[in-house]
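Engineer: what shape does this take:
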Amino acid sequence: MLLAAGLVFVSTGYIQNQRPGWNVNSQFALTCAIAERGTLRINAYHEHPELETGDKALYGGHVYSDKSPVTALLGVPAFLIYKGLTTLTGAPFSYRHARYWTTWWTVGLAAAALAAMLTLLMMQRGVGSADATRLAVLWLMATPLLGYSILFFNYLPACAMATGGFMLIQPAWRGDGRIGVVRIGLGGLLLGLGAWTLNTVAFVAIVLTLVLASTPLLSRARARNRSLSSQVYEPITTHGRDYEHEHEHEHEHEEETHLIIPSLGANLLRLLPWVLGGILGAAGYFIYTYSIFGAFTSPYVHEADPFFREQMSKGFMGATRPRLLVAWLVTLHPFQGLFLWFPITALATAGLIWRLVRGERVEKAESAAALMIFAALLLFNSAYFMWWGGWSHAPRHLIPALPLMALGLVPWIRAKSPAMRWVVLAIGFAGAVMNLSAVALDPQPPPGQPQELLLEPHRIQSWPSPMLMLLRHVWWFGQTDHNWGTAMGLTGPVSLLPLILLWTIGLFVATRRHN
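Structural biologist: Next comes the predicted model:
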């Protein structure tokens, strides 16, 4: 777990993104406002040359970020440490450098924590520690999670919270042991916080709630053989033999584990702390909006951009009618196809389907949950007005589904054929190199089509491919953003070799000892 977390953390710090965009600046401006001025207003920052943003809400003559404040709040300690270090050393303060430092030690740490949790999840499902480490790291590096691990977005903190909540309550259907009220409540709290951090994590919370409600909570109860039920054990004497004394030593320490399936009422009662924890975690959203706007409302109601404000007021958070074409564009089409440009996700999806059909009860339950989360987010994405996610190299609205989708790699890595295991690792490694190459230039490329056309995708005759554009600029023209490799004097794709070499050592050499 530490190795996976360390490799991912170093990887997220390796690239220094220089083009953050409105979304990043909106959230980071709030971090600056809280840390430097003790306010939720970003009046002093939204037009600053290094922090300019159009993602803002206007109310009462003041300017606010229109994003959740959770990531911004998490970034305050890192920002203060950076500012303190510049004061102590006399180095010039720069918001650009502060943003990089804060992103690395906030979003990068969240990515590292997610990698550690995925490693443990794999190991709990019978994957060896070496392969579990490899899969967790490659999953972070070969999927859209990487691009949003180097940007001050709320995706990685929200995914880490949701995955932590899942880990806390998974014994409920895995039958790993008694699950206490406090643990269920903490799981709900993390999912609630995740939903406040990123609204679409609410889909994850809803699906996990359905799984908990529909799957009997199996608890292991240990009892002595003489009290397997509520009946009183009586000594049995036959033909002068006292069976109680004959087997007294045998039963003295003997315990039997058996399953107790609670009634539906008891099961629902155990959901109470889960629901209360979720409400408590999400309550910050209502407190935050009420403290600013004097009402339990969304910041988008006061959005500065009238077009965005109007679109977000339609349907459910801007989502109206699902469109099959959009679902195709974000899954298999060269424009932003998740399965096409991030092939390890296609393997994982196939693995989830295999587990759903051929797996045991526990595997069926969690695979169904992962697939339902993906289906719900895909449905939302296809109905959302800005379905392409603004400037992005990947379908970012599907990101909350990715952590649990990783469980679909388990059947392939545990296959009897050694060749299958190496095929999965090879596809993951190749996908990680390709994804790193694109992200090294910019995970937020322009979509290549005007917004007016993207709003009506059926009108577009020729689709661009942002991923291909990035790869062409990196591998053909040798363009990359600043990174630790360029600081060493390396240029173009060669500047990525130190990080790829580190992956190779970490994944294929250091982990051999764990096997």
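Engineer: distance of the residue most central in space within the chain relative to residue 165?
Structural biologist: Geometric centre of the chain, nearest residue: residue 159, 2.5 Å, by CA atoms, centre = their mean. Computed as CB to CB, to the nearest Å, the residue 159 to residue 165 distance reads 11 Å. Using the backbone N, CA and C atoms, a C-beta is placed for each residue, glycine as well.
Engineer: any shared contact partners between these two?
Structural biologist: Shared contacts of residue 159 and residue 165, defined by CB atoms under 8 Å, 6 or more residues apart in numbering, comprise residue 194.
Engineer: next, the buried residues of stretch 53-60.
Structural biologist: 53, 55, 56, 57 (16 or more other CB atoms under 10 Å).
Engineer: nearest to residue 143 among these?
Structural biologist: Of all these, residue 55 has the smallest distance to residue 143: 24.7 Å, by CB to CB.
Engineer: ok, which stretches of the stretch 101-250 of the chain are strands?
Structural biologist: 219-224, 237-238, 241-242 (DSSP state E, counting those that start in this stretch).
Engineer: mean pLDDT lowest for which of these?
Structural biologist: Among the strands of the stretch 101-250 of the chain, strand 219-224 carries the lowest mean pLDDT, a mean of 34.
Engineer: got a list of what the residue nearest to the centre of the chain touches?
Structural biologist: 110, 114, 145, 194, 201, 399, 400, 402, 403.
Engineer: per-residue pLDDT, the residue lying closest to the third one once chain neighbours are set aside?
Structural biologist: Across the structure, with CB to CB, 6 or more residues apart in numbering as the measure, the residue nearest residue 145 apart from its sequence neighbours is residue 402 (5.8 Å). Turning to residue 402, the model gives it a pLDDT of 98.
Engineer: residue 143 is in contact with residue 402, correct?
Structural biologist: Yes: if you go by CB atoms under 8 Å, residue 402 and residue 143 touch, sitting 5.5 Å apart.
Engineer: which ones are touching residue 496?
Structural biologist: By CB under 8 Å, 6+ apart, the residues touching residue 496 are 436, 437, 440, 480, 483, 485.
Engineer: residue 142 too?
Structural biologist: Per CB under 8 Å, 6+ apart, neighbours of residue 142: 342, 344, 428, 429, 431, 432, 434, 435.
Engineer: closest one to residue 93 out of these, please.
Structural biologist: Using CB to CB, these come closest to residue 93 at residue 435, 33.0 Å.
Engineer: so which helix or strand takes in the closest one?
Structural biologist: helix 418-441 (DSSP states H and E).
Engineer: elements contacting that helix?
Structural biologist: On a contact count with 3 or more CB pairs under 8 Å, 6 or more residues apart in numbering; DSSP states H and E, helix 418-441 meets helix 129-141, helix 343-358, helix 410-413, helix 466-475, helix 497-508.
Engineer: pull out the buried positions in that helix.
Structural biologist: For helix 418-441, a neighbour-count test (16+ other CB under 10 Å) marks 421, 424-425, 427-429, 431-441 as buried.
Engineer: for the nearest residue to residue 399 once chain neighbours are set aside, list the residues it contacts.
Structural biologist: Nearest non-adjacent residue to residue 399, counting by CB to CB, 6+ apart: residue 155, 4.9 Å away. Counting by CB under 8 Å, 6+ apart, residue 155 touches 145, 148, 198, 396, 399, 400.
Engineer: okay, now the unreliable bits of the stretch 401-515 of the chain?
Structural biologist: Where the stretch 401-515 of the chain drops to pLDDT under 70, the residues are 509-515.
Engineer: out of the contacts of residue 159, which comes closest to residue 280?
Structural biologist: Comparing those against residue 280 with CB to CB places residue 194 closest, at 12.8 Å.
Engineer: so residue 269 is in which element?
Structural biologist: Assigned by DSSP H and E, residue 269 falls within helix 264-293.
Engineer: that helix - what's its average pLDDT?
Structural biologist: Helix 264-293 comes out at a mean pLDDT of 86.
Engineer: so after that helix, what's the next helix or strand?
Structural biologist: Downstream of helix 264-293 (by DSSP H and E), the next one is helix 306-312.
Engineer: now do the buried residues in that next one.
Structural biologist: Those buried within helix 306-312 under the rule 16+ other CB under 10 Å are 308, 309, 311, 312.
Engineer: next: stretch 109-127.
Structural biologist: Within stretch 109-127, the residues that count as buried by 16+ other CB under 10 Å are 109-119, 121-123, 125, 127.
Engineer: one more: stretch 331-342?
Structural biologist: Quick answer for stretch 331-342 (16+ other CB under 10 Å): 331, 333, 335, 336, 337, 338, 339, 340, 341, 342.
Engineer: how's this structure carved up into domains?
Structural biologist: The chain resolves into domains spanning 2-218+264-514, 220-260 when parsed by automatic domain parsing.
Engineer: most tightly surrounded among the ones you listed?
Structural biologist: Highest mean neighbour count of the domains of the chain: domain 2-218+264-514, a mean of 19 (counted as mean count of other CB atoms under 10 Å).
Engineer: contacting residues for residue 113?
Structural biologist: Per CB under 8 Å, 6+ apart, neighbours of residue 113: 5, 160, 164.
Engineer: now do 10 Å
Structural biologist: Contacts for residue 113 (CB atoms under 10 Å, 6 or more residues apart in numbering) come out as 1, 5, 8, 9, 156, 157, 159, 160, 161, 163, 164.
Engineer: element containing the nearest residue to residue 203 once chain neighbours are set aside, please.
Structural biologist: Computed as CB to CB, 6+ apart, the closest residue to residue 203 that is not its neighbour in sequence is residue 376, at 4.3 Å. In this structure, residue 376 sits in helix 361-383 according to DSSP H and E.
Engineer: coming back round to it: need the contacts of residue 496 in JSON lines (columns: distance to residue 85).
Structural biologist: Shown next, in JSON lines, are these (distance: CB to CB, whole Å):
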{"residue": "436", "distance to residue 85": "29"}
{"residue": "437", "distance to residue 85": "32"}
{"residue": "440", "distance to residue 85": "27"}
{"residue": "480", "distance to residue 85": "27"}
{"residue": "483", "distance to residue 85": "21"}
{"residue": "485", "distance to residue 85": "24"}
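Engineer: out of those residues, who's nearest residue 99?
Structural biologist: residue 483 (15.5 Å).
Engineer: for the closest one, which non-adjacent residue is closest in space?
Structural biologist: Closest residue to residue 483 apart from its sequence neighbours, by CB to CB, 6+ apart: residue 15 at 4.8 Å.
Engineer: ok, now residue 290?
Structural biologist: Nearest to residue 290 is residue 296, by CB to CB, 6+ apart, at 5.7 Å.
Engineer: one more: residue 25?
Structural biologist: With sequence-adjacent residues excluded and distances taken as CB to CB, 6+ apart, residue 25 is closest to residue 53, at 3.9 Å.
Engineer: same question for residue 412.
Structural biologist: residue 424 (4.7 Å).
Engineer: OK, contacts around the residue lying closest to residue 24 once chain neighbours are set aside?
Structural biologist: Among residues not flanking residue 24 along the chain, residue 152 sits closest, at 4.5 Å (CB to CB, 6+ apart). Residues near residue 152 by CB under 10 Å, 6+ apart: 17, 20-21, 23-28, 31, 67, 71-72, 75, 99-100, 102-104, 106-107.
Engineer: with residue 326 instead?
Structural biologist: When contacts are counted by CB under 10 Å, 6+ apart, residue 326 touches 333, 336, 378, 381-384, 387-388, 395, 454, 457-458.
Engineer: export these as TSV, with columns for distance to residue 494.
Structural biologist: Listed next are those as TSV, based on distance: CB to CB, whole Å:
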residue	distance to residue 494
333	32
336	28
378	38
381	36
382	40
383	43
384	39
387	36
388	32
395	30
454	35
457	38
458	42
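Engineer: just name the closest of the residues you listed to residue 349, please.
Structural biologist: The nearest member of the contacts of residue 326 to residue 349, counting by CB to CB, is residue 378 at 11.0 Å.
Engineer: looking at it, the closest one is touching residue 331, isn't it?
Structural biologist: Yes: using CB atoms under 10 Å, residue 378 makes contact with residue 331 at a distance of 7.2 Å.
Engineer: many thanks, have a good one.
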